[in-house]
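Peer 1: Could you look at this predicted model? Sequence included:
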Amino acid sequence: MSAVGPTPEPAWLTSTREAARARFAEVGLPSTRLESWRWSSTRRLADVDFEPATGHAADGVEAFIEDSRIGEASHEHVFLAGRHLPELARRREVSGLTVLPLREALADDRLRETLGGLAAWQDPADAFTALNLAGLQDGLVVHVARGASGGLVHLVHVAEGATGPTSAHVRLLVVAEATAELTVAETWLGHGGQTLTTHVAEVWLAPGARVTHAVLGEEPAGSHLVHTLRARLDRDAAYHGHLTWLGGGWVRSDVDLVCAGSGAEAVLDGALVLGGEAHVDSHTRLEHAVPHTASREAYEAVLGGKARGIFDGLVVVQPDAQQTDARQSSRNLLVSADATANAKPTLEIYADDVKCAHGTTVGQLDPDQLGYLRSRGIPRATARQLLTGAFVAERVAHLPSAPLRDRLQARVDGALARLQEDA
Amino acid sequence: MLEIHDLRVRVGDVEVLKGLDLVVRRGEVHAIMGPNGAGKSTLAKVLAGADGYEVTGGTATWDGEDLLGLEPEERAAKGVFLGFQYPVEIPGVSNAYFLRTALNAIRKARGEEELGAPAFLKLLKEAMAFLEMDDSFRNRFVNVGFSGGEKKRNEILQLLVLRPALALLDETDSGLDVDALRVVSRGVNSLRGGEHAVVLVTHYQRLLDHIVPDRVHVLAGGRIVRSGDKDLALQVEAHGYADVGASA
């Protein structure tokens, strides 16, 4: 395994990578015997020789990502099979915002405390994070200075497996200093073929920082994405994670948000529109570590074809975390006979003065709503389409950034239309 | 013209309508009154094609065409409209999008050209202004977070946009304050005369002060037991149903 890039790799990273590599060799891919992996077998990955993609040209990528670009972004960075493509990057000078490819950022010794500081890799359930460290190729480091407004930073990842199975191991590190503001967006695309991508995003929010983090997954069938997201919220910080999965591939989304300072508020939205044989396993953990914090988690899934959507959500309220206000919900709409939803919401509450609520539904379209629409002249098929779209519309509407929301609505509409065609 | 003859309807094991006869001509407003459980709502719903009502006998036609065999959306295309007693909330669908989809579905079913966004918006804005509805209701999800009165006003908005030939209004006055009642009545009255027929299902005379009916019918025990002009409603208000021949 080669070093990350032209900048000499710091010794601390090299030794961490060695340790992670050894750990991964020891524990291997997670097995379904692990409770947190019970719904997602990794056996399909074991039989494929995924190799890091090397040296292929970025030809055609520019046209391929054109529809995914966001004109309003202050920074836009494109990765092909895990490698940063500087020629496709767009940069706009924003006061207080620093965005660097990981290989360039490594010279900064502060990374030693932040890179890997939130994403543990020793536990067998975190084997993909160990693999990510061992094979780490590149990534992006985003820093927003105290009080600065970083605008919108967009990462576009393109998986590339057309010439044989490839792997990519990438990272995102976001540090938002006190009262800084940032919107970060990730778009996951793929050219097809067999691909395995591991991604670890770590987001540090200093007191009063506000970060919106929007993830849009559209990798096609044949792709495998292990998407790990960790955020730590200091006092009065606000983090809004918004994950939308529309692709045809296999996704493991692993989210862990920690409200570590009082007044912190974590929001986590998940929207899934899946058909074909798509498989998306959302494994989320929201921890309330101190008093007076709040979390809102809502996942909504429209599942058609033979797709499977899994929600395994845990809210943890630590013994000191009085006055916690946590709400969690998972709603699933099955629009085909062969689609599957698994939902396992869990609350672990060790404090007594808290407000926690959770709920899960798995169902078909509401007959009263269908009846109401039809009574107004809307034919049954149109009414079904309208209600299916409505099911995830609230999640789309919840994305606070207008340009991202408009793009997302168009993509969700496209995914819903594909589901109708399949039906 | 709405013609109902010997209509019999079951809900589960219970026969609710037991041979109901009613004729409503275009241009007329009829009020159906009656005690709780008399079958007033059942009549409105079965005409609109709601689920859960089994027609066991009789006929109901609009302009000579059978209604009871049609899907709800087909009835809507023929001009039947039910103002719901409990309007349904539809999270995720905006009021404007819902109404435009409905209007254009009906126009399409009739072989008419669909209405473009600007023309529709103009129509919608006019109707909302007429009903003194805030612009924000356009983009809010259908009935979600609306008060009881706002939901009823929203039903009347749909009535004004779709302009049905036959409007069946099920307890539209319940839950309305005086101002809302005035506005809702103005909406219904705008359909008066001409081509529209209106059937008001109501509990109270109050609504009929604002929408003066051409005919009043008392429905009890699954049948129309008495019909008259608007004075019949006053009589009911003053003396109760028993006195007009309808024991609850």
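Peer 2: Yep, it's here.
Peer 1: what about the residue of chain B most remote from its centre, is that helix, strand or coil?
Peer 2: Note on chain B: the largest C-alpha distance from the chain mean falls to residue B:118, namely 28.2 Å (C-alpha atoms, centre = their mean). Under DSSP: H, G, I helix; E, B strand; the rest coil, the three-state class of residue B:118 is helix.
Peer 1: quick one, what contacts it?
Peer 2: Listed by C-beta atoms under 8 Å, 6 or more residues apart in numbering or on different chains, residue B:118 has no contact partners. (Each C-beta comes from the backbone N, C-alpha and C, glycine too.)
Peer 1: Need the pLDDT of it.
Peer 2: pLDDT recorded at residue B:118 is 95.
Peer 1: Setting aside sequence neighbours, what's the nearest residue to the residue of chain A found nearest chain B?
Peer 2: Chain B sits closest to residue A:390 of chain A, with a gap of 2.8 Å, by C-beta to the nearest C-beta. Spatial nearest neighbour of residue A:390, excluding adjacent residues (C-beta to C-beta, 6 or more residues apart in numbering or on different chains): residue B:92 at 2.8 Å.
Peer 1: quick one: that neighbour and residue A:362, what's the gap?
Peer 2: 18 Å (C-beta to C-beta, to the nearest Å).
Peer 1: Of the two, which one has the most company?
Peer 2: residue B:92 (22 against 17; other C-beta atoms under 10 Å in any protein chain shown).
Peer 1: thinking that one is in contact with residue A:389, fair?
Peer 2: Yes: using C-beta atoms under 8 Å, residue B:92 is in contact with residue A:389, at 6.9 Å.
Peer 1: ok, now how distant is whichever residue of chain B sits closest to chain A from residue A:410?
Peer 2: The minimum distance from chain B to chain A, using C-beta to the nearest C-beta, falls at residue B:92 (2.8 Å). Note on residue B:92: its distance to residue A:410, by C-beta to C-beta, is 16 Å.
Peer 1: pLDDT below threshold where in chain B?
Peer 2: Where chain B drops to pLDDT under 70, the residues are B:245-248.
Peer 1: What residues does it have near chain A?
Peer 2: Contact residues, chain B versus chain A (C-beta under 8 Å from any C-beta of the partner chain): B:48-51, B:71-73, B:75-77, B:81-82, B:84, B:87-88, B:90-93, B:98-99, B:101-103, B:105-106, B:109, B:141, B:158, B:162.
Peer 1: who touches the helix or strand hosting residue B:159?
Peer 2: Take DSSP states H and E as the rule and residue B:159 turns out to sit in helix B:148-162. Identification of contacts with helix B:148-162 by C-beta under 8 Å, 6+ apart yields A:376-377, B:76, B:81, B:83-84, B:87, B:95, B:99, B:102-103, B:106, B:123-124, B:127-128, B:130-131, B:133, B:137, B:142-143, B:146, B:167, B:169, B:172-177, B:180, B:183-184, B:187-188, B:190-191.
Peer 1: Mark which of the residues you listed are part of helices, please.
Peer 2: Among the contacts of helix B:148-162, the ones falling in helices (DSSP state H) are B:76, B:95, B:99, B:102-103, B:106, B:123-124, B:127-128, B:130, B:180, B:183-184, B:187-188.
Peer 1: Closest to residue A:173 out of those residues?
Peer 2: Closest approach between the ones in helices among the contacts of helix B:148-162 and residue A:173, by C-beta to C-beta: residue B:95, at 43.7 Å.
Peer 1: what's the neighbour count on the closest one?
Peer 2: 24.
Peer 1: coming back round to it: can you go through the contacts of helix B:148-162 and name the buried ones?
Peer 2: Of the members of the contacts of helix B:148-162, the ones counted as buried by neighbours, 16 or more other C-beta atoms under 10 Å in any protein chain shown, are A:376-377, B:76, B:81, B:83-84, B:87, B:95, B:99, B:102-103, B:106, B:123-124, B:127-128, B:131, B:133, B:137, B:142-143, B:146, B:167, B:169, B:172-173, B:175-176, B:180, B:183-184, B:187-188, B:190-191.
Peer 1: Return the list of strands paired to the longest strand anywhere in chain A, each annotated with direction.
Peer 2: Looking across chain A with DSSP state E, the single longest strand is strand A:149-176. Partners of strand A:149-176 in the sheet, by DSSP bridges, are strand A:51-52 (parallel), strand A:75-80 (parallel), strand A:138-144 (parallel), strand A:181-205 (parallel).
Peer 1: mean pLDDT lowest for which of those?
Peer 2: Taking the mean pLDDT of the strands paired with strand A:149-176, strand A:51-52 comes last: a mean of 88.
Peer 1: Now find how far off-centre the helix or strand just after that one is within its chain.
Peer 2: Counting by DSSP H and E, the next helix or strand C-terminal to strand A:51-52 is helix A:61-65. With C-alpha atoms, centre = their mean, to the nearest Å as the basis, helix A:61-65 stands 22 Å off its chain's centre.
Peer 1: Let's test this: mean pLDDT of helix A:61-65, rounded?
Peer 2: The pLDDT scores in helix A:61-65 average 89.
Peer 1: ok, now stretch A:340-352?
Peer 2: 95.
Peer 1: Show me what counts as buried in it.
Peer 2: A:340-341, A:343, A:345, A:349, A:351.
Peer 1: which ones among the residues you listed are found in helices?
Peer 2: Going by DSSP H, the helices hold none of the buried residues of stretch A:340-352.
Peer 1: Sketch out the low-pLDDT regions of chain A for me.
Peer 2: For chain A (pLDDT under 70), the answer is A:1-7, A:55-58, A:423.
Peer 1: Close to chain B: what parts of it are there?
Peer 2: A:367-369, A:371-380, A:382-383, A:386-387, A:389-394.
Peer 1: Now which of these would you call buried?
Peer 2: By 16+ other C-beta under 10 Å, the residues of chain A next to chain B give A:369, A:371-379, A:382-383, A:386-387, A:389-394 as buried.
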